[in-house]
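**Q** Sequence below, structure please.
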Amino acid sequence: MVALLPLAALLYVALAGFVLADNGTNRGVTFAPGQQPVAWADVPQLGVNLYGIQHEADPANATRTLEMARDMGARFARIQMPWEDVEIHARGDFEDRRNPAAPKSAWQKYDFIMAEAARVGIAPIVRLDRPPDWARTKALASPAFQERKAINGAATGPPDDFADYANFVGAVVRHYRGQIRFIQLWNEPNLMDEWNGQRPSPSEFVALIKAAYTSAKAADPQVVVLFPSLSPTDGLDKTAPYTDLDFLDEVYQLGGGQFFDIMSAQAYGLGQPPDEHRYIRPRTDNWARPVDSRIDVSRVVLLREVMENRGDAGKAIWISEFGYVTDSPTIPPEKRFTWGAPVTPA
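**A** A predicted model of the protein is given here:
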């Protein structure tokens, strides 16, 4: 019996090697086209994130940005429309009085951006999140949120009453009917910093998107709703206790699959080449995480498998955020590998 132990160990190592090699070669690779067409998968495939374009003081800069995106071939632009920047002071109040001497419509700058996007032939994908203070007085006062806010000043979370968010989403869709076709409901709901410092709740999230989806479709049946990109994580971080895969699977279990039309996902490179197929890889630099399954460009394969296992293979996946950190002497050495090994600009 003892003599068989080395053989068993050898077979185990061989099997593990085979599994790693196979997942690096075949997992996520389709060898034959699907039998059914996938809605919204046959669109132009290049878009850009125009994060913060709404803060441009000079409208000419917003115009130039959109024109540059068009000239590089982009046909979509993902743009934030923070709730706190539109329905600023009170429920149903869309006037901006942050400068009391010059009140104006809170829609004004967004009207300009949407008109310019239409002029240059770019379809906006509008992300709707970040409630104003009046909509989350209970959350703002909670010790859990105060703790997170002290660490991350950008921390946010859902409103006290989900109906307020639904009403805001409906107002946006009505105001831009015919100009905005695509909206994204919320962002990274599997993170504590997007959930009022609390443990993220798939059940509460499903209630939130159900209310918002219903309101959006009532305002314009032609609007297309994107699932919010989940943060790819292994669930071992305190602020990210849910993996994106577990969170999404629970959303499906709770019936949330009926409240979005397109899946969106993040695909950061984190130092891995774009043709990397491995969804896991062994690591020796951190024994608390001997198997690295966090994220590179192949992570989307696992999200797709969750969708297929839950009978939702008929929906497209759009990449909402993508990129690499380039090596630069301006990055301090201690931060150079925070998001994976930096790569050359080439």
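**Q** Counting neighbours, which bits of the host helix or strand of residue 119 end up buried?
**A** Using DSSP states H and E, residue 119 falls within helix 108-120. By 16 or more other Cβ atoms under 10 Å, the buried positions in helix 108-120 come out as 109-110, 113-114, 116-117. (Each C-beta comes from the backbone N, C-alpha and C, glycine too.)
**Q** Out of the residues you listed, the closest to residue 203 would be?
**A** residue 110 (32.0 Å; Cβ to Cβ).
**Q** dump the residue contacts of that closest one.
**A** Residue 110 makes contacts with 54, 81, 86, 176, as judged by Cβ atoms under 8 Å, 6 or more residues apart in numbering.
**Q** Which of those residues sits closest to residue 184?
**A** Closest approach to residue 184 among the contacts of residue 110 (Cβ to Cβ): residue 81, at 9.9 Å.
**Q** chain center to the helix holding residue 119: distance?
**A** In terms of Cα atoms, centre = their mean, to the nearest Å, the centre of helix 108-120 is found 23 Å from the chain centre.
**Q** Pairing partners for whichever helix or strand comes after that helix, with directions?
**A** Following helix 108-120 in sequence order, the next helix or strand is strand 123-128 (DSSP H and E). According to DSSP bridges, strand 123-128 forms sheet pairs with strand 76-80 (parallel), strand 182-185 (parallel).
**Q** right, so those: which one is the most enclosed?
**A** strand 182-185 (a mean of 24; mean count of other Cβ atoms under 10 Å).
**Q** contacting residues around that one?
**A** 76, 78, 123-129, 169, 172-173, 208-209, 212-213, 216, 223-229, 260, 262, 264, 320.
**Q** and the residue most central in space within the chain, what element?
**A** In the chain, the centroid-proximal residue (Cα atoms, centre = their mean) is residue 229; its distance is 2.1 Å. Here residue 229 sits in a region with no helix or strand, counting by DSSP H and E.
**Q** Could you find the closest non-adjacent residue to it?
**A** residue 320 (4.3 Å; Cβ to Cβ, 6 or more residues apart in numbering).
**Q** mind listing what that neighbour touches?
**A** Going by Cβ under 8 Å, 6+ apart, residue 320 touches 49, 78, 125, 184, 226, 229, 264-266.
**Q** Please convert these to JSON lines, extending it with distance to residue 150.
**A** Formatted as JSON lines, the contacts of residue 320 follow (distance: Cβ to Cβ, whole Å):
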{"residue": "49", "distance to residue 150": "28"}
{"residue": "78", "distance to residue 150": "30"}
{"residue": "125", "distance to residue 150": "32"}
{"residue": "184", "distance to residue 150": "28"}
{"residue": "226", "distance to residue 150": "32"}
{"residue": "229", "distance to residue 150": "26"}
{"residue": "264", "distance to residue 150": "30"}
{"residue": "265", "distance to residue 150": "31"}
{"residue": "266", "distance to residue 150": "26"}
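**Q** Tell me the gap between stretch 76-94 and the middle of its chain.
**A** Put simply, stretch 76-94 sits 18 Å off its chain's centre (Cα atoms, centre = their mean).
**Q** okay, it in PDB with CA atoms only?
**A** Taking C-alpha atoms only, stretch 76-94 is exported to PDB below (Å, rounded to 0.1, in the frame of the first residue of the first chain):
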ATOM      1  CA  PHE A  76     -20.100  53.800 -28.400                       C
ATOM      2  CA  ALA A  77     -19.100  56.000 -25.500                       C
ATOM      3  CA  ARG A  78     -19.800  55.000 -21.900                       C
ATOM      4  CA  ILE A  79     -20.600  58.100 -19.900                       C
ATOM      5  CA  GLN A  80     -21.500  58.700 -16.300                       C
ATOM      6  CA  MET A  81     -24.600  60.600 -15.300                       C
ATOM      7  CA  PRO A  82     -24.400  60.600 -11.500                       C
ATOM      8  CA  TRP A  83     -27.800  60.900  -9.900                       C
ATOM      9  CA  GLU A  84     -26.300  63.400  -7.400                       C
ATOM     10  CA  ASP A  85     -25.400  65.700 -10.300                       C
ATOM     11  CA  VAL A  86     -28.900  65.800 -11.900                       C
ATOM     12  CA  GLU A  87     -31.600  65.500  -9.200                       C
ATOM     13  CA  ILE A  88     -29.400  67.400  -6.800                       C
ATOM     14  CA  HIS A  89     -31.500  69.100  -4.100                       C
ATOM     15  CA  ALA A  90     -34.700  67.200  -3.600                       C
ATOM     16  CA  ARG A  91     -37.000  64.600  -5.100                       C
ATOM     17  CA  GLY A  92     -38.300  65.800  -8.500                       C
ATOM     18  CA  ASP A  93     -36.000  68.900  -8.500                       C
ATOM     19  CA  PHE A  94     -33.900  69.100 -11.600                       C
END
